[in-house]
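Colleague: coords below, sequence missing:
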């Protein structure tokens, strides 16, 4: 009996960047979440009522019976103990940055320089999705590229809507291409 390969992609980023939504839009199975009611709502996101406190999990079923497992980390730093646990065994990292937050470039620096994700990026490819660009157009992709260049990295960066399956699929395809450029992804 053939042993199934374990493909695990990690979604991370600050609260409200769209991690849970992105996983939900891609998953072929019902998503498992560990959402809790926010006790101190974010004034920048008055409609956000919950936050991830453990992890999100979804799965993409491939035509060859294999699966891509999708794991989302909590965004708040107070849950950073979960970052190492959730990220263990990941083959790629998708960082979502909410362009409408108060300081999105600071969020980008924080996640890239964090102990957990900095170490992961030394081992696996990174792709970045910038969400909520329609709400704040002050920063452009060029600003993110300039910041990443200053940090000494050059991952693919896309403007995405985390509610769009096409947009989130583009991130996954870019990540898979980073893993193996010979892959032909539909």
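Modeller: Now that the structure is in, tell me what you want to look at. Please read all numbers here as calculations on a predicted model, not as lab measurements. Numbers count the residues shown, from 1 in each chain.

Colleague: please, where are all the helices along the protein?
Modeller: Assigned by DSSP state H, the helices in the chain fall at 19-26, 81-87, 104-113, 115-121, 141-150, 165-179.

Colleague: indicate which one of the ones you listed is closest to residue 8.
Modeller: Between residue 8 and those, the shortest separation by C-beta to C-beta is 8.7 Å, and it involves helix 81-87. No exception for glycine: its C-beta is placed from N, CA and C like everyone else's.

Colleague: so which elements touch the closest one?
Modeller: With contacts taken as 3 or more C-beta pairs under 8 Å, 6 or more residues apart in numbering; DSSP states H and E, helix 81-87 sits against strand 7-12, strand 50-61, strand 67-72, helix 115-121.

Colleague: where does pLDDT dip in this structure?
Modeller: 1-5, 35-36, 38-51, 53-54, 182-186 (pLDDT under 70).

Colleague: any idea which residue sits dead centre in it?
Modeller: The chain has residue 11 as the residue nearest its centroid, 2.9 Å off, counting by C-alpha atoms, centre = their mean.

Colleague: for residue 169, find the nearest of the helices and strands packed on helix 81-87.
Modeller: strand 50-61 (9.2 Å).

Colleague: starting at the chain centroid, how far to stretch 81-99?
Modeller: 7 Å (C-alpha atoms, centre = their mean, to the nearest Å).

Colleague: gap between the two ends of that stretch?
Modeller: Start-to-end span of stretch 81-99 (C-alpha to C-alpha, to the nearest Å) is 25 Å.

Colleague: who are the contact partners of the residue nearest to the centre of the chain?
Modeller: 19, 22-23, 56, 70-73, 94, 96 (C-beta atoms under 8 Å, 6 or more residues apart in numbering).
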